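> A structural model of the following input is requested.
(chains A and B)
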Amino acid sequence: MIAVLPAECTDEQLSAIGLVLEGRGWTSEISRGEEQVILLVSGPEREADLEFALDGRVDADVIAVDDARHYERGRRNRRRMHGLVGGLAILVAFGLGIPVLGYLRAPQSVFAAYEFVPVSSLERLGENSALPVRVDSRLVLLVRQTGRQLYALSGLCTYMEDCQLEWNDARRQIVCPCHGGVYDLYGNVVEGPPSIPLASFEVDLIGSEIRVRKGA
Amino acid sequence: MIAREEGLLAALWSVLRKPVSPEFRSTFVFGWMIVILFVLQIVTGILLSLYYDPRPAAANESVQLIMRDVSSGWLIRGLHHWSSTAILILALCQLLRVFVVGAFRRSPTSWYLGCLLLVFVFAQAFTGALLPWDNQAYWWANRALESLESIPYIGQTLLSFLNGGPEVTDHTLSRAHALHVMVFPWLGLVAVAVNVWLLARQWTRQRGAER
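So this is what the prediction gives:
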């Protein structure tokens, strides 16, 4: 068996190791090279026991070989093994890292809720009137008070979601034809069975184009 | 012995055939697997907390967002969920091993810490199961807390402590979230660290004694 030790090994260390090995019934022969110290060991026990005996004393590389040629081969194999394990580690890091990077990015649905959708124009919506429009298939009631004062409220009654709200011109309020629920311009319940106010959406006016935000 | 052939397979073979010290047992891997999965739990838990909203009205919706809209959200949540189950199984295997081979005699502190860790693991599994705040979580909380109530003397107090009220309410979710994110992980981390330190110390002492 060969144990390869670093060249920095002092003679005291080597003799201490020699004593340990002798105590275990091994005979050892030391040859000092420029890059490393090679310990040629022969004895009854196994390679693992030798490594175990040297561990903690010195950074030993124990290989069960018969000669230097086999040692070279073993080292090459070991380098390949390091490459294989390192490569696998990099693969795993990428395999998990890329999904995690995607995960950290806010999802499209969150971005979409901030988008404004053009729905109508000021010309088509007179003062003190309302217009039902669709924002992404959601029914929205666009209400204009005076001038450029605009409100976008959910077009469905909160008491029964299937009821489409209507604008009452005389009362200047939003009424539900199903159960008589009445909401004011800000979506608050004025009378009737509903208890939850209407959801409101942000309105953006660019020139005369009216745009409504997708999310509440 | 080194395989005489060259190449990657030979390299793999030489590593697989490399003899290790007879003191090692293949059942030793349980502990390290638990440590690795614990790290995975921390990482995926932090990632989940980026989107999870602990408000009772928003909790379920945020879990839906993770599963439906967030890229790879299903993967992160799946890893968190399934690795927690794996930890439970491995922890039971590990404790069973320590018990059966009598390793607890060598380091009783480590054994008690292990038992405590199993309690933390169960507590984490329980509080974690409540967080999606859906029907299953609600009834799971009801049933589990009812069984806690049957513990003599301390049952009632424990129940009101965990519920935050006379029955399962929104406070139960807040408490489950606080315990799951801010209490048990840290206690678990300390217990794992102390355990690893104890084992390392025991290991070096043993080897010192052999020399």
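> Which is the succeeding secondary structure element to the one helix or strand in chain A whose mean pLDDT sits lowest?
Using mean pLDDT, DSSP states H and E, strand A:61-63 stands out as the lowest-scoring helix or strand of chain A, at a mean of 65. The helix or strand immediately downstream of strand A:61-63 is helix A:68-104, counting by DSSP states H and E.
> Give me the buried positions along stretch B:117-129.
B:117-118, B:120-121, B:123-124, B:126-129 (16 or more other CB atoms under 10 Å in any protein chain shown). (Glycine included, C-beta is placed from N, CA and C.)
> what does that stretch rub up against?
Identification of contacts with stretch B:117-129 by CB atoms under 8 Å, 6 or more residues apart in numbering or on different chains yields B:84-85, B:87-88, B:91-92, B:95, B:136-137, B:140, B:144, B:176-177, B:179-180, B:184-185, B:187-188, B:191-192, B:195.
> what mean pLDDT would you report for that stretch?
Stretch B:117-129 shows a mean pLDDT of 93.
> tell me the phi and psi of A:Ile30?
phi -100, psi 130 (degrees, to the nearest 10).
> and what of the one 3 residues further on?
Note on A:Gly33: its backbone torsions stand at phi -110, psi -180 [degrees, to the nearest 10].
> so how far is A:Arg69 from the closest residue in space to it that isn't next to it in sequence?
Spatially, and ignoring its direct neighbours in sequence, A:Gly33 is nearest to A:Ala7 (7.2 Å; CB to CB, 6 or more residues apart in numbering or on different chains). Remark: distance between A:Ala7 and A:Arg69 (CB to CB, to the nearest Å) = 21 Å.
> where do the helices sit along chain B?
B:8-16, B:29-49, B:56-68, B:73-100, B:108-130, B:135-149, B:155-163, B:170-178, B:184-210 (DSSP state H).
> Can you pull out the low-pLDDT segments for chain B?
B:1-8, B:11, B:14-15, B:17-24, B:207-211 (pLDDT under 70).
> and the contacts of stretch B:117-129, which are buried?
The buried subset of those - by 16+ other CB under 10 Å - is B:84, B:87-88, B:91, B:95, B:137, B:140, B:176-177, B:179-180, B:184-185, B:187-188, B:191-192, B:195.
> Surely A:Val37 is in a strand?
Yes. Using DSSP: H, G, I helix; E, B strand; the rest coil, the assignment for A:Val37 is a strand.
> Quick check: closest non-adjacent residue to it.
In space, and not counting its chain neighbours, A:Val37 is closest to A:Leu5: 4.3 Å by CB to CB, 6+ apart.
> State the distance from that neighbour to A:Leu40.
Taking CB to CB, one finds A:Leu5 at 12 Å from A:Leu40.
> Comparing those two, which shows the higher neighbour count?
A:Leu5 (22 against 14; other CB atoms under 10 Å in any protein chain shown).
> element containing that one, please.
strand A:2-6.
> Averaged pLDDT, that strand. What do you get?
Strand A:2-6 shows a mean pLDDT of 75.
> so how far is that strand off the chain centroid?
45 Å (CA atoms, centre = their mean, to the nearest Å).
> secondary structure class for A:Ser28?
A:Ser28 - assigned by three-state DSSP - is strand.
> surely it meets A:Leu39?
Yes. With contacts counted by CB atoms under 8 Å, A:Ser28 reaches A:Leu39, the gap being 5.4 Å.
> Compare these two (neighbour count), which wins?
Legend: neighbour count by other CB under 10 Å for A:Ser28 and A:Leu39, higher for A:Leu39 (25 against 18).
> how near is that one to B:Arg105?
38 Å.
> With B:Ser72 instead?
Distance from B:Ser72 to B:Arg105, by CB to CB: 46 Å.
> between these two, who's got more neighbours?
B:Ser72 (19 against 9).
> Tell me, how many residues neighbour the residue lying closest to that one once chain neighbours are set aside?
Leaving out its chain neighbours, the residue that sits closest to B:Ser72 by CB to CB, 6+ apart is A:Pro99, at 3.7 Å. With neighbours defined by other CB under 10 Å, the count for A:Pro99 comes to 17.
> dump the residue contacts of A:Pro99.
In this structure, A:Pro99 makes contact with B:71-72, B:75-76, judged by CB under 8 Å, 6+ apart.
> ok, and the most crowded of those?
That'd be B:Ile76 among those, by other CB under 10 Å, with 25 neighbours.
> quick revisit: could you check how far the residue nearest to B:Ser72 is from B:Leu75?
6 Å.
> Could you do B:Gly31 as well?
26 Å.
> Quick check: pLDDT value at A:Val37.
81.
> got any ranges where chain A has weak pLDDT?
Those would be A:44-48, A:55-68, A:71, A:216, if you go by pLDDT under 70 across chain A.
> Please name every helix or strand in contact with the strand holding A:Leu5.
Strand A:2-6 sits against strand A:36-42, helix A:47-54, strand A:61-63, helix A:68-104, with contacts defined as 3 or more CB pairs under 8 Å, 6 or more residues apart in numbering or on different chains; DSSP states H and E.
> And it, what's buried?
In strand A:2-6, counting by 16+ other CB under 10 Å, buried: A:2-5.
> what separates stretch A:110-129 from the chain centre, distance-wise?
On CA atoms, centre = their mean, the centre of stretch A:110-129 falls 35 Å from that of its chain.
> in that stretch, what's buried?
A:116-117, A:119-120, A:122, A:125.
> List the residues that contact A:Thr140.
Not Thr; residue A:140 is Val. Per CB under 8 Å, 6+ apart, neighbours of A:Val140: A:119, A:132-134, A:152-155, A:201, A:212.
> Would you quantify the distance from the closest residue to A:Gly102 other than its chain neighbours to A:Val110?
Nearest residue to A:Gly102 in three dimensions, chain neighbours excluded: B:Ser71, at 3.6 Å (CB to CB, 6+ apart). To A:Val110, B:Ser71 is 12 Å away according to CB to CB.
> what's stretch A:178-189 in contact with?
So stretch A:178-189 is contacted by A:143, A:145, A:151, A:153-154, A:157-160, A:162-163, A:165, A:171-176, A:190-200 (CB under 8 Å, 6+ apart).
> Could you pull up phi and psi at B:Ile151?
Dihedral angles for B:Ile151 - degrees, to the nearest 10 - are phi -70, psi 130.
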